[in-house]
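**Student:** Mind folding the following:
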Amino acid sequence: MDVHVVGASLFLPGGVRSREDIGVVHFDSDGAGDRSTVFDDAEFAIDPVRLRISPRQARVMDPQHLVILDCVERALGDAGVRPEELAGSQTGVFVGMGESDFVHTIDVDQVADSNRSYLGIGNSRGAAAGRVSYAFDLHGPCWQVDTTCSSGLVALRHGITALATGEVDLALVVGSHLVRSEFGTMIRQVTGALSPTRQCRAFDAAADGFTIGEGVVAVVLAPESSELRSLGRVQCAVNHDGRTAGLTVPNPDAQRDVVERALRMSGLAGVDVDYVEAHGTGTPLGDPIEMAALAAAYRTADRPAPLLVGSNKPRFGHLEAASGLLSLVVAMETLRLQRPPGGAVSGQPSDRIPWAAHNIRPTIGDVDYPESIINVGVSALGLSGTNAHAIVSRSSV
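**Tutor:** Residues are numbered from 1 along each chain as shown. Presented below is the predicted three-dimensional model:
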């Protein structure tokens, strides 16, 4: 059974809240600009009472809980679904969320004894998923997924599977990522993967790592039989690197395999895919391995024109658990606008990657777009070794 995306919403820094906002910021703006990739605290001004949370509880609660609820409500609105219509339904909730460090910003000694009971549940990742089902009275399966950077697409895979097996009638899939504490920043800095120049330059000759990004993305999935408007048919494959030289060391064979699996599950050949929204973190190690895997899986040597690849991380930073779902929304906008987003870097393509031999072209500078874009690939590669690749296709209905 085919599964379709029927609604989506976002909560990104700078007031990016919808698919249309992505179209403006990511497709119609030149360069990365000076937009912040992390939130100002003022952007979390969401009325908790509207979302069935007391103000007293909200004061010691990870703001991701509120933002996830807000995003789900707006995604349902984008799908044309009134939340109250879902009460008691077999609607599934699958949340990809890896970070919950807000509790590190709280001085427990300053929290009133009567409010300390909220600290645990208010900073639990599993509770963030449970709040969605509780708030909207949903009775389908509900859980949180953490495979690090691939969490959002792995949650997507769970939603697709639940629909395909008839376990749910509708699936809500969320990816969420906030880094609120000095501890959260520190553990990323010590990996050496953060850009010392504080700019992600995916596929660029000057690439030196990624920047921290924050945000929440929610999508609504429905079966092909649904009368809801389709934003694209979607399929997703997941695998793991297995044993490599180290837990966080990528496996190019596994990356190739997960793409090939996604193609088979979608009933497509590599040449059918017109653009890939890659993981593209801008690291000297990761980007070349990913491009080699894409070239092998998509058999780009057989293509009449280079496969176009891009990454949203130069503009939005690395949203880690939410990065794959942000890429999915970018892919859907690519289908709607019939053009890939422009490159957010203006330098030269990396000479670490044999672009001509791969027959791949990064969206850096001026590129020739395909006449028609029908299928778009989306990658999310987890630091945990769990890889995911989705393919979203323009709906024929």
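
**Student:** which regions of the stretch 251-397 of the chain sit below the pLDDT cut-off?
**Tutor:** 343-346, 396-397 (pLDDT under 70).

**Student:** which stretches of it form strands?
**Tutor:** Secondary structure of the stretch 251-397 of the chain (DSSP state E, counting those that start in this stretch): strands located at 275-277, 307-310, 360-362, 375-381, 386-393.

**Student:** Those strands: which one's closest to A207?
**Tutor:** Closest to A207 of the strands of the stretch 251-397 of the chain, according to Cβ to Cβ: strand 360-362, at 10.7 Å. Glycine gets a C-beta too; all of them are placed from N, C-alpha and C.

**Student:** Not counting that closest one itself, show me its contacts.
**Tutor:** 202-203, 291, 294-295, 300, 306-310, 343, 349, 353, 355, 367 (Cβ atoms under 8 Å, 6 or more residues apart in numbering).

**Student:** I'd like to know which of those are buried.
**Tutor:** The neighbour-count criterion (16 or more other Cβ atoms under 10 Å) marks 202-203, 291, 294-295, 300, 306-310, 343, 349, 353, 355 among the contacts of strand 360-362 as buried.

**Student:** and which of the residues you listed is nearest to S89?
**Tutor:** Nearest to S89, judged by Cβ to Cβ, of the buried ones among the contacts of strand 360-362 is G310 at 37.1 Å.

**Student:** from what I can see E214 touches G14, true?
**Tutor:** No: look at E214 against G14 with Cβ atoms under 8 Å: they stay out of range, at 10.9 Å.

**Student:** who has more neighbours, those two?
**Tutor:** Higher neighbour count among E214 and G14: E214, with 26 against 15, using other Cβ atoms under 10 Å.

**Student:** And the strands of the stretch 251-397 of the chain: which comes nearest D2?
**Tutor:** When the strands of the stretch 251-397 of the chain are compared (using Cβ to Cβ), the closest one is strand 386-393, at 9.1 Å.

**Student:** For that closest one, which helices and strands make contact with it?
**Tutor:** Helices and strands touching strand 386-393, by 3 or more Cβ pairs under 8 Å, 6 or more residues apart in numbering; DSSP states H and E, are helix 151-164, strand 232-240, helix 252-266, helix 323-337, strand 375-381.

**Student:** and the shortest one, how far out from the chain's middle?
**Tutor:** Its chain's C-alpha centre and that of strand 375-381 lie 10 Å apart, by Cα atoms, centre = their mean, to the nearest Å.

**Student:** re the thing from before, between the buried ones among the contacts of strand 360-362, which is closest to T91?
**Tutor:** Closest approach to T91 among the buried ones among the contacts of strand 360-362 (Cβ to Cβ): G310, at 32.8 Å.

**Student:** OK, contacts around the spatially closest residue to the closest one that is not a sequence neighbour?
**Tutor:** Residue nearest to G310 in three dimensions, not counting chain neighbours: T363, with 4.0 Å by Cβ to Cβ, 6 or more residues apart in numbering. Residues in contact with T363, defined by Cβ under 8 Å, 6+ apart, are 308-310, 340-343.

**Student:** if I look at T363, how far off is L325?
**Tutor:** According to Cβ to Cβ, to the nearest Å, T363 and L325 sit 20 Å apart.

**Student:** residue ranges with poor pLDDT in the stretch 101-250 of the chain?
**Tutor:** Ranges of the stretch 101-250 of the chain meeting pLDDT under 70: none found.

**Student:** Please enumerate the strands of it.
**Tutor:** Using DSSP E, counting those that start in this stretch, strands in the stretch 101-250 of the chain cover 142-145, 170-177, 215-223, 232-240.

**Student:** hey, which of those is tucked in deepest?
**Tutor:** strand 170-177 (a mean of 31; mean count of other Cβ atoms under 10 Å).

**Student:** L194: neighbouring residues, count only.
**Tutor:** As a burial measure, L194 scores 19 neighbours (other Cβ under 10 Å).

**Student:** buried residues in stretch 44-58?
**Tutor:** Within stretch 44-58, the residues that qualify as buried are 46, 48, 51, 53, 57-58, counting by 16+ other Cβ under 10 Å.

**Student:** R256: neighbouring residues, count only.
**Tutor:** R256, neighbours per other Cβ under 10 Å, totals 19.

**Student:** can you tell me how far it sits from L294?
**Tutor:** When distance is defined by Cβ to Cβ, R256 is 8 Å away from L294.

**Student:** what do you get for E43?
**Tutor:** Taken as Cβ to Cβ, the span from E43 to L294 is 35 Å.

**Student:** And the helices in the chain, which stretches?
**Tutor:** Secondary structure of the chain, counting by DSSP state H: helices at 19-22, 55-58, 63-79, 117-122, 125-136, 151-164, 182-189, 252-266, 286-297, 313-316, 323-337, 355-358.

**Student:** Please give the number of neighbouring residues around A331.
**Tutor:** A331, neighbours per other Cβ under 10 Å, totals 29.

**Student:** follow-up on the earlier one: distance to E277 for the strands of the stretch 101-250 of the chain - can I get that in CSV?
**Tutor:** Below are the strands of the stretch 101-250 of the chain laid out as CSV (distance: least, Cβ to Cβ, whole Å):
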stretch, distance to E277
strand 142-145, 20
strand 170-177, 14
strand 215-223, 13
strand 232-240, 13
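
**Student:** if we can go back for a sec, quick check: phi and psi at the residue nearest to G310.
**Tutor:** Main-chain torsions, T363, degrees, to the nearest 10: phi -80, psi 60.
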